[in-house]
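Student: Sequence below, structure please.
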Amino acid sequence: MPTADDSKTPLERYLGATIRELRQSHDLTIAQVAEQAGISRGMLSKIENAQTSAGLDVLNRIAQALGVSMSTLFRNFDVPQGGAQLVKKGAGMEVVRKGTKSGHTYHLLAYDQGPRKTFEPFLITMEDKAERFPVFEHPGTEFIHMLRGVIEYRHGQQTYVLHPGDTLTFRGDVPHGPERLIKTPIQFLSIFVYGQPTEE
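Tutor: Residues are numbered from 1 along each chain as shown. Here you go, the predicted model:
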């Protein structure tokens with residue numbers, strides 16, 4: 001069944017709740033804030049309960065009575081709801097890449113949602129110096145950030161020696177991959193960023 005509050009806009013409900021929260025956080029009574037703002041206690045109570053609308057002048061006076069700026073009253077209005085994806089340490093899904101063997105693991109750190117992948121972040125660990133790696137090619141751009149160990153990495157005809165803290169960014173469609181494991185264990189972040197599809 002509809003309530004009396006249903007006719008009020010989300011902004012009125014938000015402002016009422018924000019004013020009440022700020023007032024209570026400053027240990028102020030309705031009477032104290034109303035007096036400072038130059039409005040009646042009944043008026044302030046109705047504003048807090050979204051039973052009436054307040055003009056900008058009244059809101060400004062209420063903000064001053066609360067000791068905050070006018071913008072503070074609106075700061076969190078219409079902010080998108082959060083929906084971050086958290087993968088705890090060690091909980092990334094282990095995946096198998098073509099040509100990889102034991103001693104070489106890929107942990108996928110985020111699971112892209114939607115019909116098209118936009119990026120794939122991997123935590124890659126290599127422990128076997130004797131392992132030989134295939135050449136990789138894929139769409140988009142790859143970004144590597146070294147965490148542990150030392151590796152010689154090939155991209156096209158060039159090779160790069162990467163130490164902890166080094167980064168390497170390159171086109172994924174050029175043949176690339178580990179050339180030599182210099183100091184194991186090796187661990188690095190590898191992020192594939194795929195281009196956005198163009199609209200016809």
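Student: How about the top strand by length along the chain, which residues are buried there?
Tutor: Taking DSSP state E as the criterion, the chain has its longest strand at strand 176-193. In terms of neighbour count (16 or more other C-beta atoms under 10 Å), strand 176-193 has its buried residues at 176, 178, 181, 184, 186-188, 190-193. C-beta here means a position set from N, CA and C on the backbone, and glycine is covered the same way.
Student: Stretch 132-146 too?
Tutor: For stretch 132-146, by 16+ other C-beta under 10 Å, it's 133, 136, 140-142, 144, 146.
Student: Rebuild those residues as a markdown table, extending it with secondary structure, pLDDT and distance to T52.
Tutor: Below are those laid out as a markdown table (DSSP: H, G, I helix; E, B strand; the rest coil; pLDDT from 0 to 100; distance: C-beta to C-beta, whole Å):
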| residue | secondary structure | pLDDT | distance to T52 |
| --- | --- | --- | --- |
| F133 | coil | 77 | 70 |
| F136 | strand | 87 | 64 |
| G140 | coil | 90 | 54 |
| T141 | strand | 93 | 55 |
| E142 | strand | 94 | 58 |
| I144 | strand | 94 | 59 |
| M146 | strand | 95 | 61 |
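Student: re the thing from before, CA-only coordinates of the longest strand of the chain, as CSV, when you get a sec.
Tutor: Provided in CSV are the C-alpha atoms of strand 176-193 (Å, rounded to 0.1, in the frame of the first residue of the first chain):
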residue,chain,number,x,y,z
HIS,A,176,55.6,-12.3,-27.6
GLY,A,177,56.4,-14.4,-24.5
PRO,A,178,59.1,-15.3,-21.9
GLU,A,179,62.5,-15.9,-23.5
ARG,A,180,64.5,-16.9,-20.4
LEU,A,181,63.8,-17.2,-16.7
ILE,A,182,66.9,-15.6,-15.1
LYS,A,183,65.9,-15.6,-11.4
THR,A,184,63.1,-17.7,-10.1
PRO,A,185,60.5,-17.8,-8.6
ILE,A,186,59.1,-15.2,-11.0
GLN,A,187,55.8,-13.5,-10.4
PHE,A,188,54.2,-10.7,-12.4
LEU,A,189,50.8,-9.1,-13.2
SER,A,190,49.8,-9.4,-16.8
ILE,A,191,46.8,-7.4,-17.9
PHE,A,192,45.2,-7.8,-21.3
VAL,A,193,43.2,-4.7,-22.4
